[in-house]
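Using only what follows, build the 3D model:
(chains A and B)
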Amino acid sequence: MSDQGLVDSIPNGKVLMDLVEAVFANADLAEARQAVRDDLGDAAFVDACGTIASFSAVVKIADGAGIPLEDYKEEVSREIRQELSINEFVT
Amino acid sequence: MLSEIKVGGEPLPIRESLVREMEVAWKRLAGPGTWWTGAERLAIAAEARHATNCRLCQRRKEALSPYTHDGEHDAMCELAPAAVEAIHRLVTDAGRITEKWVRSLDLDETKYVEIIGVLAVLTGLDTLHGALGLPLTQLPAAMPGEPVRQKPQGAKRNLAWVETVAPEDVGAGEPNPYPLHGDKNIHRGISLVPQEVINFFDLDVELYMKDDEIRDFDTEYRAISHAQIELIAGRTSALAGCFY
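Numbers count the residues shown, from 1 in each chain, chains lettered A, B, ... in the order given. The predicted structure is shown next:
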C-alpha cells in the first residue's frame, strides 16, 4: 500500500495518504486537512476522516479477539504472505 | 441527507446518518452493557484515553517484546488490574497481543470481549474527532441500570482466541448480531457479547460502508470513491498494525 505507483494511480491519492500519515503521526494535521479539503471538498474530507476512524477502530476487534482470515482472503493473499514470510510470525 | 458539523467554528457537511449513529454510540457507551455497568463502561473509556500516557505501556511499546517488561500501569480508575492490563494493551499495543496473553488475563472472557467492543467504538468516535480537528467529546454521565449478564448458549472456542457464536448457533430469544451487518469473521470476533457486535457495526457502517456497499463498484456511496476509500483503509490498517 505504500507503493508510490499505487498511490499515484488513484486520484488525489497523495493528499489522502498525507492525511492518514498526519493523523497517525499527530503532526502537520492542519496542512494535511486543508489539502484534502482544497483538492476534494469538505464532504470528501469528512468521509476520508470516517474511513480512517473505521479502520483504526476495527483493528481492536481483529487483534483483541484473534480472528483468522476468511478462506477467500487466505486464498487471494497466499502468494504475498509467502513472499513476506508473514506466516512465520508466531502469535 | 447532509447535516453540518462545526470544526473551528466552520460548518462542514456530514451525513445525517453518521451524526445519528455517533449519538447512539455515545448513549450505548454510557448505558449498562451485557457484563459491565454504564459507569464501568465509561471508566473503561476514560482509562483508554489515559493509557497513552502510561509509562509501563511506553516501555513495553519500545521493547522488542512487550512480554519482557513487568510492572504496574499508571491507572486512573478503580477497575481490576486485569481489566486495566486489557485496556492498556488494546489501546497501546494491540498488534502484539497473543492468544497466550488473552488466556492469561484474570478476567472473565465475556468481560474482556465487552472491553474490546467498548474500545472499538471509542476509538472510532475519538479518531474521527481527532482527524477532523475537533477536541475529544467529554464523556457523558453514566446511565443507571444493571448489565443483562446473558451469555450466548451456543458460544464455542472454534474460530478465534475467544469464544464466538456461529450464525447457526444463535439461540432462540438471544440477540442475533448478524442479520443487519453480516457474519464475516470480523463480525463474529466479539459475538460472545452480541450487543457489542451491533453497537460497533451500527457506527462502523456509517464511518466506512455497509457490507453490501463495499463490493458494489457500480455505485459510489461516499464523497470519495471506492478506490480512495480502500487506499485510506489499507494505509490506516498498516499504520495501526492490523494485518487481518
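
Now A:Ala43: closest residue in space, sequence neighbours ignored.
B:Ala223 (3.8 Å; C-beta to C-beta, 6 or more residues apart in numbering or on different chains). (Glycine included, C-beta is placed from N, CA and C.)

cool, and B:Ala75?
B:Val84 is the one closest to B:Ala75 (C-beta to C-beta, 6+ apart), at 4.6 Å.

Number of residues surrounding the one you found?
24 (other C-beta atoms under 10 Å in any protein chain shown).

what helices or strands is the host helix or strand of it leaning on?
If you go by DSSP states H and E, B:Val84 is part of helix B:81-92. If you count contacts as 3 or more C-beta pairs under 8 Å, 6 or more residues apart in numbering or on different chains; DSSP states H and E, helix B:81-92 packs onto helix A:42-65, helix B:38-51, helix B:55-62, helix B:109-132.

can you list the ones you listed in JSON lines and add distance to B:Ala142, mean pLDDT and mean neighbour count?
Below are those laid out as JSON lines (distance: least, C-beta to C-beta, whole Å; pLDDT from 0 to 100; neighbours: other C-beta atoms under 10 Å in any protein chain shown):
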{"stretch": "helix A:42-65", "distance to B:Ala142": "22", "mean pLDDT": "97", "mean neighbour count": "26"}
{"stretch": "helix B:38-51", "distance to B:Ala142": "4", "mean pLDDT": "97", "mean neighbour count": "21"}
{"stretch": "helix B:55-62", "distance to B:Ala142": "26", "mean pLDDT": "92", "mean neighbour count": "16"}
{"stretch": "helix B:109-132", "distance to B:Ala142": "13", "mean pLDDT": "98", "mean neighbour count": "24"}
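
Skip the chain neighbours and tell me the closest residue to residue 14.
You didn't say which chain, so I picked chain A. According to C-beta to C-beta, 6+ apart, the nearest residue to A:Lys14 is A:Val7 (5.9 Å).

Please refer instead to chain B.
In this structure, B:Ile14 finds its nearest non-sequential neighbour in B:Ile5, 4.5 Å apart by C-beta to C-beta, 6+ apart.

I'd assumed B:Glu78 was in contact with the residue nearest to B:Ala75.
No: at 9.6 Å, B:Val84 does not count as touching B:Glu78 under the criterion of C-beta atoms under 8 Å.

where along chain B do the helices fall?
In chain B, the helices defined using DSSP state H lie at B:16-30, B:38-51, B:55-62, B:81-92, B:99-104, B:109-132, B:185-188, B:194-207, B:211-214, B:226-239.

same check, this time on chain A
A:4-9, A:13-25, A:29-40, A:42-65, A:71-76, A:78-84.

The fifth one - what's its average pLDDT?
Meaning helix A:71-76. Here helix A:71-76 scores 72 as its mean pLDDT.

OK, contacts around B:Arg59?
Residues in contact with B:Arg59, defined by C-beta atoms under 8 Å, 6 or more residues apart in numbering or on different chains, are B:69, B:71.

how close does it sit to A:Asn26?
Relative to A:Asn26, B:Arg59 is positioned 20 Å away (C-beta to C-beta, to the nearest Å).

Give me the buried positions along stretch B:162-173.
B:162-165, B:170 (16 or more other C-beta atoms under 10 Å in any protein chain shown).

Take those and write them to TSV, including pLDDT and distance to chain A.
Converted to TSV, the buried residues of stretch B:162-173 look like this (pLDDT from 0 to 100; distance: C-beta to the nearest C-beta, whole Å):
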residue	pLDDT	distance to chain A
B:Val162	98	5
B:Glu163	98	10
B:Thr164	98	8
B:Val165	98	12
B:Val170	97	17
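
Give me the subset of those residues lying in strands.
Among these, no member falls in strands (criterion: DSSP state E).

Excluding residues flanking it in the chain, which one is nearest the residue sitting nearest the centre point of chain B?
Note on chain B: the residue nearest the mean C-alpha position is B:Ala120, at 1.2 Å, using C-alpha atoms, centre = their mean. Leaving aside its sequence neighbours, B:Ala120 sits nearest to A:Lys60 (C-beta to C-beta, 6+ apart; 4.3 Å).

repeat for B:Thr219
B:Glu213 (7.4 Å).

Contacts only, for B:Leu12.
By C-beta under 8 Å, 6+ apart, the contact set of B:Leu12 is A:42-43, A:45-46, B:4-6, B:132.

Between which two of the residues you listed is the distance greatest?
Largest separation among the contacts of B:Leu12 by C-beta to C-beta: A:Ala43 and B:Lys6, giving 15.0 Å.

ok, the residue nearest to B:Ala75 to B:Ala48 distance?
Distance of B:Val84 to B:Ala48, given as C-beta to C-beta: 10 Å.

burial measure for B:Pro81, as a count.
13.

so who does it touch?
Taking C-beta under 8 Å, 6+ apart, one finds B:72-73, B:75, B:106 in contact with B:Pro81.

same thing with B:Pro194?
B:34, B:152, B:165, B:170, B:174-177.

now the residue lying closest to A:Ala44 once chain neighbours are set aside: how far from B:Ala233?
Using C-beta to C-beta, 6+ apart and skipping residues adjacent in sequence, the residue nearest A:Ala44 is B:Ala223, 4.1 Å away. Separation of B:Ala223 from B:Ala233 (C-beta to C-beta) stands at 16 Å.
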